[in-house]
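Student: A structural model of the following input is requested.
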Amino acid sequence: MSTARQDAITAVNMYKSNGAALDFHATPSGALFASNVFSDKVMRERLPKSVYQALTRTIRMGEALDSTVADAVASAMKDWAIERGATHYAHVFYPLTGLTAEKHDSFLTPGEGSALSEFSGKELIQGEPDASSFPSGGIRATFEARGYTAWDPTSAAYILENPNGTTLCIPTAFCSWTGEALDKKTPVLRSMQALNKQAQRILKLFGHTNATPVTASAGPEQEYFLIDRNFFFSRPDLVTCGRTLFGAKPPKGQEFEDHYFGAIPERVLACMLESERELYKLGVPVKTRHNEVAPAQYEVAPMYENANVATDHQQLIMLTMKRVAEKYGMACLLHEKPFAGINGSGKHVNWSMGCSLGNLLAPGDNPHENAQFLVFCAAVIRAVHLHSDLLRLSVAHSGNDHRLGANEAPPAIISIFLGDQLTDVFEQLEKGAVTSSKHAGTMTIGVDTLPPLPKHAGDRNRTSPFAFTGNRFEFRAVGSGQSIAGPLVVLNTIVAESLDYIATALEKETGGDPSKLNAAIQKVLQSVISEHKAVLFNGDNYSQEWHDEAEKRGLPNLRNTVEALPALIAPKNIAMFEKYGVLNSREIHSRYEIYMERFCKDINTEALAALSIAKTMILPAAYRYQGELATTANALKAALGSDSDLTSLKTVTGLIGELEKTIAALDAEIEKNGIEDIAAEAKHFQEGVIPAMGAVRAVADKLEAIVADDLWPLPSYREMLFIK
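Tutor: Here you go, the predicted structure:
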């Protein structure tokens, strides 16, 4: 076996944790939760009453922030952070790379022979990082460097611990000198504002004039892989691209269905426990952990939070899992498809909206009697049908292209699963009056010692990209490594547009007369369902029959990123985003350029990595094995005086020839890079480079199954997935 592989396996076998076991008895989890967060409890204790009340009104009621409170907040925040060992503060923001960015500044200001700890309201509210090196999609020239971070008071500041100290982290928005959004957070906040404005119009029609702001909520389920770091660093493709570009199918994959919800390996569980402990300190409400479908694949899921806070916390989850995994000698893989042929990783985003009245997508015991719920649910149905292209592009990137529609994630066709109960209610609604709804009841298992179990009114549908799951919708197409900000921006905005449409129609029908509301709802919703029922489908989304039916219904099937992204700059979509103040035309076009360019960069990087590995690792290993076979054949001929069977030598020689040809073809496709038009360049990568990479891999994977194991340079799927 190659030295790198043998060393990796030995290291895994001999692994011992570097740190002392965590003491979970000394500090209960409940006491840990939000201990490193400048939380409501901390603010109430440390801020003057008037300042606390003003800040609370901003956070809970969406009122404009009074800048006069900033100095008091900054002073209290600084004192609290320094007490916890902080020497620096960092404005944390989320540029259009999809990653987390942070700029650290010291609290200390040098004086005459000493230094004072200072942190003013101005420094809290606004920072000035260099914006020139972040993607802007043409909004900024490289020499136009000024950018601003703006404090987001609705997302709590927190302490980030390091073995050598701590840092106060302040969640912020990030914009250019001209005020345009250069980040993921700003459009989320704008879209939540738009959603609230239109939802309040609906609530007002139902007589609710004093409800708190309607906020979108989210709870993203995070899937990921954990493999030993020794294997990770022995795979240049994983290090560079986050996924394996080569790898023959192992004798055993996930076909035994024995990993899902199985016993969690000890080292993995130890890593999970510490990750959760760190996330508890940061106020991230992680709730669930379990083995996922594929070997070495796992999931963590938090509880639901306001959408902008959930977005920030999701970034913290990914960062924390990666950092903690290193302590346990593992690498956390967040790519959507790190291993071919087995389950990829997604991030199911559970989405809803609510206010002081409760969850507005909770149907209650009798959905047919809950007119308010039906209005909000119908708005979502209309939104998804009219704007399925936007939902599809919100999850479009090169990593997710490997996953969507591959019997592990929903297809690229966006449809809604409502379940039996709601489907029946809306079918009645379309035909006329809704008089009944199917009830859940209880389930009889047939074992006397087991208690009766409450039964849901409908089954789950794991093949649906957008499924109603009781009191929320689950958007199942979001990729494992991507920020949830983009999907939330789209969801909030398209639902705001539909609520606007329905509110306008109801206001027109009632003419301000509350007694006409029920008849108006019946008429408007009947029309909405009749026009938009094409998006409803409760069956198998993987089946060819559904794909054929979806085409008949006129539902778009945008199969890859290159097909999906142009919808972003469609005039109808630009007009909608501008109407609700979420993104202007320049911001939209800049994102289109950034996402297209990112797709091209991703594929170009993968192609160059594949070329390098094929030329410098796989081909030399094949040559050596070919040499061994030729030497053996010559030795046999000399010893026996007759030709030996040359089948293996001929097979390897033929595959080497194929590999050389496919390498040359891939090299030629890469050389065609440099097309000026971004759409044409992306199309070239999709139709030229990706197939050429696939051809190289197909031959290389055949060679892996033949070449002597001691000569093969890359850790195999069998080793990476099953040696823990």
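
Student: L226 and E326 touch, don't they?
Tutor: No - with contacts counted by Cβ atoms under 8 Å, L226 stays clear of E326, the gap being 11.0 Å. All C-beta spots, glycine's among them, are computed from the backbone N, C-alpha and C.

Student: show me which of these two is the more surrounded one.
Tutor: A count of neighbours by other Cβ atoms under 10 Å puts L226 above the other of L226 and E326, at 22 against 12.

Student: for that one, list each beta-bridge partner.
Tutor: C332 (DSSP bridges).

Student: state the distance from it to Y542.
Tutor: 28 Å (Cβ to Cβ, to the nearest Å).

Student: then A8?
Tutor: 37 Å.

Student: tell me which of these two has more neighbours.
Tutor: A8 (24 against 17).

Student: mind checking pLDDT for that one?
Tutor: At A8, the model reports a pLDDT of 77.

Student: tell me which stretches of the stretch 201-350 of the chain form strands.
Tutor: Using DSSP state E, counting those that start in this stretch, the strands found in the stretch 201-350 of the chain span residues 215-228, 286-291, 297-302, 305-306, 330-333, 347-355.

Student: so which of those strands gets nearest T240?
Tutor: strand 330-333 (12.9 Å; Cβ to Cβ).

Student: avg pLDDT for the closest one?
Tutor: On average, strand 330-333 scores 96.

Student: now stretch 76-86
Tutor: Taken as a whole, stretch 76-86 has a mean pLDDT of 94.

Student: next, the buried residues of that stretch.
Tutor: 76-78, 80-81, 86 (16 or more other Cβ atoms under 10 Å).

Student: now it: how far from the chain's centre is it?
Tutor: From the chain centre to the centre of stretch 76-86 is a distance of 32 Å (Cα atoms, centre = their mean, to the nearest Å).

Student: show residues contacting that stretch.
Tutor: 36, 38, 42-43, 46-47, 89, 107, 117-119, 124, 157, 159, 165-168, 170 (Cβ atoms under 8 Å, 6 or more residues apart in numbering).

Student: same thing but at 6 Å, please
Tutor: 38, 46-47, 119, 159, 165-168 (Cβ atoms under 6 Å, 6 or more residues apart in numbering).

Student: next one: stretch 39-56
Tutor: So stretch 39-56 is in contact with 66, 69, 72, 76, 156, going by Cβ under 6 Å, 6+ apart.

Student: mind listing which of the residues you listed are in helices?
Tutor: 72, 76 (DSSP state H).

Student: now N308: closest residue in space that isn't a chain neighbour?
Tutor: V188 (5.1 Å; Cβ to Cβ, 6 or more residues apart in numbering).

Student: secondary structure class of the one you found, three-state.
Tutor: Following DSSP: H, G, I helix; E, B strand; the rest coil, V188 is assigned to helix.

Student: so what pLDDT did it get?
Tutor: At V188, the model reports a pLDDT of 97.

Student: do the same with G253
Tutor: Confidence score, pLDDT, at G253: 83.

Student: and it, how many neighbours?
Tutor: Residues near G253, counting by other Cβ under 10 Å: 18.

Student: doesn't N343 make contact with it?
Tutor: No - using Cβ atoms under 6 Å, G253 is not in contact with N343; the gap is 9.0 Å.

Student: list the buried residues in stretch 543-556.
Tutor: So, applying 16+ other Cβ under 10 Å, buried residues of stretch 543-556: 546-547, 549-550, 553, 555-556.

Student: then stretch 292-303?
Tutor: Neighbour counts using 16+ other Cβ under 10 Å place 292-302 of stretch 292-303 among the buried residues.

Student: and the next element down the chain from the helix or strand R591 falls within?
Tutor: Using DSSP states H and E, R591 falls within helix 585-613. Next in sequence after helix 585-613, counting helices and strands by DSSP H and E, comes helix 619-640.

Student: next, the angle helix 585-613 makes with the helix or strand that comes right after that next one.
Tutor: Sequence-wise, the next helix or strand downstream of helix 619-640 (DSSP H and E) is helix 647-671. Here helix 647-671 runs at an angle of 150 degrees relative to helix 585-613 (axes from the mean of the first three to the mean of the last three Cα atoms, to 10 degrees).

Student: for helix 647-671, what is the distance to the chain centroid?
Tutor: Using Cα atoms, centre = their mean, the offset of helix 647-671 from its chain centre is 37 Å.

Student: tell me which residues are up against it.
Tutor: So helix 647-671 is contacted by 607, 611, 614, 622, 626, 629, 633, 688-689, 692, 695-696, 699, 702-703 (Cβ under 6 Å, 6+ apart).

Student: so what's N573 up against?
Tutor: By Cβ under 6 Å, 6+ apart, the residues touching N573 are L390.

Student: quick check, central residue of this protein?
Tutor: Q482 (3.8 Å; Cα atoms, centre = their mean).

Student: need the per-residue pLDDT for that one.
Tutor: Note for Q482: predicted pLDDT of 95.

Student: same thing with A199?
Tutor: For A199, the predicted pLDDT is 97.

Student: now the stretch 151-300 of the chain, which segments are flagged as low pLDDT?
Tutor: Low-confidence segments of the stretch 151-300 of the chain (pLDDT under 70): none present.

Student: among the strands of the stretch 201-350 of the chain, which comes closest to F93?
Tutor: Between the strands of the stretch 201-350 of the chain, strand 305-306 lies closest to F93; by Cβ to Cβ that is 18.0 Å.

Student: roughly how far is the closest one from the heart of the chain?
Tutor: Worked out by Cα atoms, centre = their mean, strand 305-306 lies 16 Å from the chain centre.

Student: adjacent strands (with direction) for that strand?
Tutor: Here, using DSSP bridges, strand 305-306 pairs with strand 215-228 (antiparallel).
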